[in-house]
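# just to be clear, the model below is a prediction. Sequence and coordinates:
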Amino acid sequence: MAAFLLTWNPRVFPWSDLQRDIAKLRGGRKLVTDWSCARSKRIRKGDRLWLLRQGVEPRGIVARGRAVSDWYEGPGWRRLGVPCHYVDWEIEVLLDAAREPILPRELLSTLGPMNWNTMVSGITVPEPVARELEKVFRAFANR
């Protein structure tokens with residue numbers, strides 16, 4: 001199973017239902033949504049997905065989940081007429097950066113070689129980095 005990084009910039013895409021989605025997830029219900037993976041054609045059902053909050057502080061990992069579909073093409077969300085690739089994913093952990101700590105961007109650099117400054121969704125997380133990220137996030141989320 002591969003691991004991929006999805007990105008989210010609250011300045012570009014406000015998550016208007018974030019509080020509702022967190023409450024849903026923490027209430028024991030499933031949270032499945034689609035997300036842009038830019039032009040990536042690598043994501044497959046079952047792959048591990050991480051959501052990186054970018055653009056505004058605090059920056060870092062705010063969600064972990066699994067792909068519940070292979071990537072697919074759909075209408076662009078940013079520019080009309082420019083298609084985009086998407087993936088449906090089940091979010092397992094979702095953090096609210098405005099109200100609770102998230103896994104900080106500064107810590108991510110210590111996990112191994114990876115471009116954590118990307119603004120593009122769908123990039124591969126190398127296997128050694130993905131293993132470390134899984135360990136660190138599990139400890140962080142269960143504190």
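In hand now; what should we look at?

# sketch out the low-pLDDT regions of this structure for me.
143 (pLDDT under 70).

# need the helices for it, in chain order.
18-26, 105-108, 127-141 (DSSP state H).

# how much space separates the most centrally placed residue in the chain from Arg79?
Nearest to the mean C-alpha position of the chain, by CA atoms, centre = their mean, lies Leu51 at 1.6 Å. Noted for Leu51: a distance of 22 Å to Arg79, by CB to CB, to the nearest Å. C-beta: built from backbone N, CA, C; applies to glycine.

# report the angle between the longest strand anywhere in the chain and helix 127-141.
Secondary structure assigned by DSSP state E gives strand 84-94 as the longest strand of the chain. Counting by axes from the mean of the first three to the mean of the last three CA atoms, to 10 degrees, strand 84-94 lies at 40 degrees to helix 127-141.

# now do strand 84-94: everything it contacts.
Outside strand 84-94, the residues that touch it by CB atoms under 8 Å, 6 or more residues apart in numbering are 6, 18, 21-22, 25, 30-41, 43, 49, 51, 62-78, 122, 137, 141.

# among these, which lie within strands?
Per DSSP E, those map to strands at 6, 32-36, 49, 51, 62-67, 72-74.

# from these, list just the buried residues.
Among these, those classed as buried by neighbour count (16 or more other CB atoms under 10 Å) are Leu6, Trp35, Ser36, Leu49, Leu51, Val62, Ala63, Arg64, Gly65, Ala67.
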